[in-house]
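In: what's the 3D shape of this:
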Amino acid sequence: MKKRLLPLAALALAFVACDQNDDLVVDNTKDTPISIASAGVNELSTRVITEGQLIGRMEEPVAMSVWVEGSAEKYNANNVEWVHNGTNWYSNSTMLYEGENKQKICALSPYVDGASAEGVTITADGVTDYLVASQTLITSNPVNIIMSHALAKLVLNPTLGTEVTGDNIATVEVQNMYTQGTLNVEENNWTNCTGTTAFTMTNNEVLVVPMEECQSFPIVITMSSGRVFSANISLANVDNKLEGGTQYTIKLQIGHDTVTIGDITAASWGTPISGGNLETE
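Out: So this is what the prediction gives:
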């Protein structure tokens, strides 16, 4: 009786094996080089304020730092420089694709030599814009990276009273901002923010290191006539802080002897819309 059952058992196993083979899906993209299709903006460059808006400095390399974390060394990449040639992203280093949802990726623009994804020390200069993509799973190859602004942007919206007709604003200095801070690229947050410095606004705009707690900060306005006005900007109605990726618009009016502070509003700065480019205005 047992001899008769053995062929039947073998036949059943053969059918099971056949079904398993039919369901087996082979990932032909595994161990192929990773390519980057987009990074959320057309041109990732060191961006500066000029003519009232942020634009890329075309004389500088359009580059970003990229980190990839996988299950083995060959699937990892540590601060690899990716450059945009005007059409495509390319790198002189090869990063291998491990498979769907097997690796994590994060990025920072502009490229910072020797940087760590766990902490990049950034010294603010008021005009250089840093774009960051926090760590996320790689779901397919080529990769699409979504960037956002790491710094906060202050925008001054001044008006002049009739008693100062004929005079103009020469400079606006924002004081008591952080000199530098450490940006964790993987988590897109700031630590070790230290020092105080002053920035002169360019076209009434300035980029600053975020401040988790800031009740107010001073500004000094110098007019073409030489008159100097000082004011203190309260952040009470924006939760007493300056957040990364946020634009703060400050309204004020300059009179003959004083500056009257108006509203200060906070709005998301540079959120990609339907996969489009980041706002830079």
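
In: Quick check: pLDDT value at residue 266.
Out: Residue 266 carries a pLDDT value of 93.

In: no wait, residue 128
Out: pLDDT for residue 128: 86.

In: Low-confidence regions, the chain specifically.
Out: For the chain, residues meeting the criterion pLDDT under 70 lie at 1-27, 40-61, 270-281.

In: care to break it down by domain?
Out: 36-149, 152-181+194-268 (automatic domain parsing).

In: Tell me which of these lies nearest to residue 187.
Out: domain 36-149 (5.9 Å; C-beta to C-beta). No exception for glycine: its C-beta is placed from N, CA and C like everyone else's.

In: which strand is the longest one in this protein?
Out: In terms of residue count, the longest strand belonging to the chain (DSSP state E) is strand 169-184.

In: Need the contact partners of stretch 160-176.
Out: Applying C-beta atoms under 8 Å, 6 or more residues apart in numbering, the contact partners of stretch 160-176 are 154, 156, 158, 196, 198-201, 204, 206, 208, 217-225, 227, 253-256.

In: Recalculate using a threshold of 7 Å.
Out: Identification of contacts with stretch 160-176 by C-beta atoms under 7 Å, 6 or more residues apart in numbering yields 154, 156, 158, 196, 198-201, 204, 206, 217-225, 253-256.

In: Filter these down to the buried ones.
Out: Among the contacts of stretch 160-176, those classed as buried by neighbour count (16 or more other C-beta atoms under 10 Å) are 154, 156, 199, 201, 204, 206, 217, 219, 221, 223, 254.

In: Residue 158 is in contact with the last one, correct?
Out: Yes. With contacts defined as C-beta atoms under 7 Å, residue 254 counts as touching residue 158 at a distance of 6.1 Å.

In: coming back round to it: mean neighbour count, the domains of the chain: which tops it?
Out: Each of these was scored by mean neighbour count; the highest is domain 36-149, a mean of 18, by mean count of other C-beta atoms under 10 Å.

In: roughly how far out does that one sit from the chain middle?
Out: Relative to its parent chain, domain 36-149 has a centroid offset of 9 Å by C-alpha atoms, centre = their mean, to the nearest Å.

In: how far does that domain stretch from start to finish?
Out: 19 Å (C-alpha to C-alpha, to the nearest Å).

In: beta partners of residue 242?
Out: As for beta bridges, residue 242 partners with residue 211 under DSSP bridges.

In: circling back: so which of the buried ones among the contacts of stretch 160-176 sit within strands?
Out: Among the buried ones among the contacts of stretch 160-176, the members falling in strands are 154, 156, 199, 206, 217, 219, 221, 223, 254 (criterion: DSSP E).

In: so the fourth one touches residue 198, yeah?
Out: The reference is to residue 206. No. Using C-beta under 7 Å, residue 206 makes no contact with residue 198, being 10.0 Å away.

In: Residue 248 versus residue 265, what's the distance?
Out: Residue 265 sits 7 Å away from residue 248, going by C-beta to C-beta, to the nearest Å.

In: My error: substitute residue 205 in the last question.
Out: Distance of residue 205 to residue 248, computed by C-beta to C-beta: 11 Å.

In: which neighbours do the two share?
Out: 154-155.

In: doesn't residue 122 make contact with residue 180?
Out: Yes. Between residue 180 and residue 122 there is a contact at 6.1 Å, judged by C-beta under 7 Å.

In: is it true that residue 178 touches residue 198?
Out: No. Using C-beta under 7 Å, residue 178 is not in contact with residue 198; the gap is 11.4 Å.

In: just to revisit the earlier point, make a markdown table from the domains of the chain and add distance to residue 188 to it.
Out: Formatted as a markdown table, those follow (distance: least, C-beta to C-beta, whole Å):
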| stretch | distance to residue 188 |
| --- | --- |
| domain 36-149 | 4 |
| domain 152-181+194-268 | 7 |
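
In: wait, which of these is closest to residue 28?
Out: Residue 28 lies closest to domain 36-149 among those, at 10.6 Å (C-beta to C-beta).

In: Quick one: the helices in the stretch 1-150 of the chain, in order.
Out: Here the stretch 1-150 of the chain has its helices, by DSSP state H, counting those that start in this stretch, at 2-23.

In: which residues sit in contact with the nearest residue in space to residue 261 that is not next to it in sequence?
Out: Closest residue to residue 261 in three dimensions, ignoring its sequence neighbours and counting by C-beta to C-beta, 6 or more residues apart in numbering: residue 252, at 5.1 Å. Residue 252 makes contacts with 158, 231, 259-262, as judged by C-beta under 7 Å, 6+ apart.
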